[in-house]
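[1] I'll drop the sequence and a predicted model, then ask my questions.
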Amino acid sequence: DALQGRVDAIDNSVPDVTPDQTDSSNWGVDTDGWIENDSTADNPPDTDPSDESGEDNTPQLDPTVIVTGRTVLSNPTNAVMTKIRDKNPNVPTTQIQKVGSQAQFVTGEEDNTVVVGKGDKDNISGKNSITNGLIQTNGGSDKVVITNNSINTVIDTGADNDSVDIYGNLRHTGATAPESKIDTGNGDDVLTIRGRITGLKNQLMMGDGDDTVIVAGGATGNTTAQNNMQTKTNWNAIDLGEGNDKLSMGEKGPGNIQYTDIQAGIGDDVVILKPNRGKGDLLWVNVDLGDGNDSIVVAATDIRNVYISGGAGNDTIDLSASSTQTDATRSRVISSKVDGGEGNDHIILGKIDYVDDYPVDVTGGAGDDVITFTQDYTPFLTSNRIGASISGGDGFDTVAIKGTAMISLASGTAGTQKLPEGIINFESIDMTASGGQTVKLTASDVLANSGMLYIAGDSSDTVDLGNDGSSSLGGFTKTAETTARIALDGKEHTYTAYSNGDVKVYIDDQITNII
């Protein structure tokens, strides 16, 4: 009766994946002028595009603008610093200085612009990098443009609505090198990196506000980064701060995404991870979506050693575009964990593969969750193979099946370490999506869930109550008991109970193929 009351009370709507969540071109950031890297390498060389030679010494007269007119190297000569000051004659000389080996550009509290490149504020050109530099724009709505690479450089734009646009790569060259950090402070900020993040220990700190971050390529870590999800030693760090933030990585360029810690913070956040335009790998990545109604979309051929946490809120975690090929060494989700956290979450799975003793752990957490299968899933339940442990967690949880997928509810232990495997802690199976889906189960499988199970579908679907294809009904007997509830299609369905001892399965009357 308690479970039936839970069924009657549940709100069957679940978070959906919208175009805004799957494609950063809908975010209002102008990328028309970007020159997309046509490389398709998962691991491009850890080098930066070369700089243009030559200088631009034509003065620009705006006192709120600094244009370097050239590449800025580590430990620039005094003559170079003088040329930069001469190009910006109306900018106080105290704002263009060399301190130690570092070139520093520190503006006032106005709406300032700093360009590492050539031309002026309205006509930016060049292909120039900065190495071991400091750009600090303080208060105001500021704009920073690096026309090539930012290498071992700190960019601090202070509070207000700022933009940082890096035409090349963001790079940190080693554990002992000067830090590579972008801190946009509080405000609604936009950060674009048209290349990729390379090296290790790059830091992106967006502060509070509704921020947007687009990294065209991947994040290729350095060999000194440690394969440790707890310490994250030498990992790249992205902190979106509090607010409704958006992050896209890999949609427009080459490179895997690896050794990266992403903290989305409090707010309704959107994260898109598509290494090498969805054809690369996601390796050693931690994503904490934080509290709020968040969404993450991952498209990758290999998801390995990845932890995704939804936090509190009604979250969508979409892995359906990942792992769709059949190569034995790629196209899989292994040794990873997905936790929807507290709230009514929607987790969408693609192909789940096996590796000995390195399972995938998926849980919906507390709340009324939906975990959708887009491909077949059958647990291995052998001593030398293990695939996934998939749990609905606390609440009234649903396994949704799409396309022509076949799902087995068998569960137990597997692998040499006898770790949990299979589908547990669900109260409902939903096959109302178009296509002919199949669910296979036994009485013991139902007991591993709630002891009572609802199965919704239509005449194109199949329920195998014995998980053996024998038309035996697995010892279940059809009863005269009926009930009604709303399925994920938003319609009320009528169910008839099938019993086996203390176990009951309520099967949609529209499903006629029950064996």
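    Received the coordinates, thanks. Residues are numbered from 1 along each chain as shown.
[2] where exactly do the helices run in the stretch 351-500 of the chain?
    In the stretch 351-500 of the chain, the helices defined using DSSP state H, counting those that start in this stretch lie at 443-447.
[3] and what of the chain?
    Under the criterion DSSP state H, helices of the chain are mapped to 2-9, 19-22, 78-87, 275-278, 443-447.
[4] between those helices, which gets the lowest average pLDDT?
    Note on those: helix 2-9 shows the lowest mean pLDDT, a mean of 47.
[5] could you report the neighbour count for Met64?
    Let me fix one detail, which is that residue 64 is Thr and not Met. Residues lying near Thr64 (other Cβ atoms under 10 Å) number 17. Glycine gets a C-beta too; all of them are placed from N, C-alpha and C.
[6] typo on my end, Gly451
    Residues near Gly451, counting by other Cβ under 10 Å: 14.
[7] just use 484 as the starting number from now, easier for me
    Sounds good: first residue 484 from here, last item Gly934.
[8] need the contact list for it.
    With contacts defined as Cβ atoms under 8 Å, 6 or more residues apart in numbering, Gly934 is in contact with 985-987.
[9] what do you get for Tyr989?
    Tyr989 neighbours (Cβ under 8 Å, 6+ apart): 935-938, 966, 978-981.
[10] for stretch 662-672, buried residues please.
    Residues of stretch 662-672 classed as buried by neighbour count (16 or more other Cβ atoms under 10 Å): 663-672.
[11] between the residues you listed, which is nearest Asp525?
    Asp525 lies nearest to Ser663 out of the buried residues of stretch 662-672, by Cβ to Cβ, at 22.4 Å.
[12] widest-spaced pair of the buried residues of stretch 662-672?
    The most distant members of those, if one measures by Cβ to Cβ, are Ser663 and Asp671, lying 23.7 Å apart.
[13] so which of the buried residues of stretch 662-672 are in strands?
    Judged by DSSP state E, the subset of those located in strands is 663-666.
[14] now these in TSV, with pLDDT and distance to Gly738?
    Converted to TSV, these look like this (pLDDT from 0 to 100; distance: Cβ to Cβ, whole Å):
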residue	pLDDT	distance to Gly738
Ser663	98	17
Lys664	98	20
Ile665	99	18
Asp666	99	24
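[15] make JSON lines out of these and add distance to Gly736.
    Formatted as JSON lines, those follow (distance: Cβ to Cβ, whole Å):
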{"residue": "Ser663", "distance to Gly736": "18"}
{"residue": "Lys664", "distance to Gly736": "22"}
{"residue": "Ile665", "distance to Gly736": "18"}
{"residue": "Asp666", "distance to Gly736": "24"}
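[16] if we ignore the residues flanking it in sequence, what's nearest Leu766?
    Ranked by Cβ to Cβ, 6 or more residues apart in numbering and with sequence neighbours excluded, the top spatial neighbour of Leu766 is Gln741, at 4.2 Å.
[17] which residues in the stretch 784-933 of the chain form strands?
    785-792, 799-801, 815-817, 820-822, 829-832, 843-846, 853-856, 871-874, 881-884, 889-891, 894-897, 902-907, 911-913, 921-923 (DSSP state E, counting those that start in this stretch).
[18] quick one: list the elements packing against the first one.
    Counting contacts by 3 or more Cβ pairs under 8 Å, 6 or more residues apart in numbering; DSSP states H and E, strand 785-792 is packed against strand 764-771, strand 815-817, strand 820-822.
[19] sheet-wise, list the partners of that strand with their directions.
    Pairing partners of strand 785-792, with direction, according to DSSP bridges: strand 764-771 (parallel), strand 815-817 (parallel), strand 820-822 (parallel).
[20] adding distance to Val582, mean neighbour count and mean pLDDT, write those strands out as CSV.
    Converted to CSV, these look like this (distance: least, Cβ to Cβ, whole Å; neighbours: other Cβ atoms under 10 Å; pLDDT from 0 to 100):
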stretch, distance to Val582, mean neighbour count, mean pLDDT
strand 764-771, 35, 24, 95
strand 815-817, 48, 24, 66
strand 820-822, 45, 23, 95
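[21] quick one: these as TSV, columns for distance to Arg868 too.
    Converted to TSV, the strands paired with strand 785-792 look like this (distance: least, Cβ to Cβ, whole Å):
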stretch	distance to Arg868
strand 764-771	22
strand 815-817	11
strand 820-822	19
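[22] domain ranges for the protein?
    Per the record, the chain has its domains at 532-626, 910-998, by automatic domain parsing.
[23] how far is the first one from where the chain is centred?
    For domain 532-626, the distance between its averaged C-alpha position and the chain's averaged C-alpha position is 35 Å (Cα atoms, centre = their mean, to the nearest Å).
[24] what's the span of that domain, first residue to last?
    For domain 532-626, the separation between the terminal residues is 23 Å (Cα to Cα, to the nearest Å).
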